[in-house]
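Asker: Predicted model, plus sequence, below.
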Amino acid sequence: MARIPYADPARPETAALAERIVAERGEILHLYAMLLHSPPVAEGWLAFLTAIRQRCDLPGDVRELVIVQVAHLNGARYEAEQHVPIALREGVTHAQLDALPDWRAADVFGPRERAVLAYCDAMTRTIHVEPATFAALREHFDPRAIVELTATIGAYNMVSRFLEAIGIDSADDKGDVR
């Protein structure tokens, strides 16, 4: 349960932004209902995460694989709930999602996915990435894709930390949010 109440999206200072969120996301999810307490933060968050999810060239399966892995590593249930369906639509398999807790022992990941998951784990768990981990990643991705992958992992670590610190849960009653 959230540690503070969700914001009222109909407040005059947030109404236009709330409409933009609905236009871009289809609804105001719990995360955005909380972010609306600070219009500048909500607006910047929306722009940044829209760029990560919709404007980058990183393949959707790779993007969603790391988002779900970040959620798993950080214990961010809400983040996983939101992204597992997207991951499946992007081509990540049920077997791959089920194997994420012990992906190194699983036979459902190819070399590209293993390089991505090792990079994601390093960035999330220790922050510092060993040269061998980065070298394996370079075998599969060009510089633009590496930048986009790195930004995605970093962004979703930010998301999970925000969600968990404030206690956002999809079962919360967020009020009369569209």
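Answerer: Yep, it's here.
Asker: C-alpha only now, for contacts and for neighbours.
Answerer: Will do.
Asker: Quick one: mean pLDDT for stretch 113-133?
Answerer: The pLDDT scores in stretch 113-133 average 98.
Asker: for that stretch, the distance to its chain's centre please.
Answerer: 16 Å (CA atoms, centre = their mean, to the nearest Å).
Asker: residues of that stretch that come out buried?
Answerer: Judged by neighbour count (16 or more other CA atoms under 10 Å), stretch 113-133 contains these buried residues: 113-124, 129, 133.
Asker: Need those in a markdown table (columns: secondary structure and distance to P143).
Answerer: Putting the buried residues of stretch 113-133 into a markdown table (DSSP: H, G, I helix; E, B strand; the rest coil; distance: CA to CA, whole Å) gives the following:
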| residue | secondary structure | distance to P143 |
| --- | --- | --- |
| E113 | helix | 17 |
| R114 | helix | 18 |
| A115 | helix | 15 |
| V116 | helix | 14 |
| L117 | helix | 17 |
| A118 | helix | 17 |
| Y119 | helix | 14 |
| C120 | helix | 16 |
| D121 | helix | 20 |
| A122 | helix | 18 |
| M123 | helix | 17 |
| T124 | helix | 20 |
| V129 | coil | 16 |
| T133 | helix | 15 |
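Asker: Lowest-scoring secondary structure element of the protein by mean pLDDT?
Answerer: Lowest on mean pLDDT, DSSP states H and E among the helices and strands of the chain sits helix 15-25, with a mean of 93.
Asker: what comes up buried for that helix?
Answerer: Applying a neighbour-count criterion of 16+ other CA under 10 Å, one finds L17, A18, E19, R20, I21 buried in helix 15-25.
Asker: Geometric centre of the chain: which residue is closest?
Answerer: Nearest to the mean C-alpha position of the chain, by CA atoms, centre = their mean, lies Y156 at 3.8 Å.
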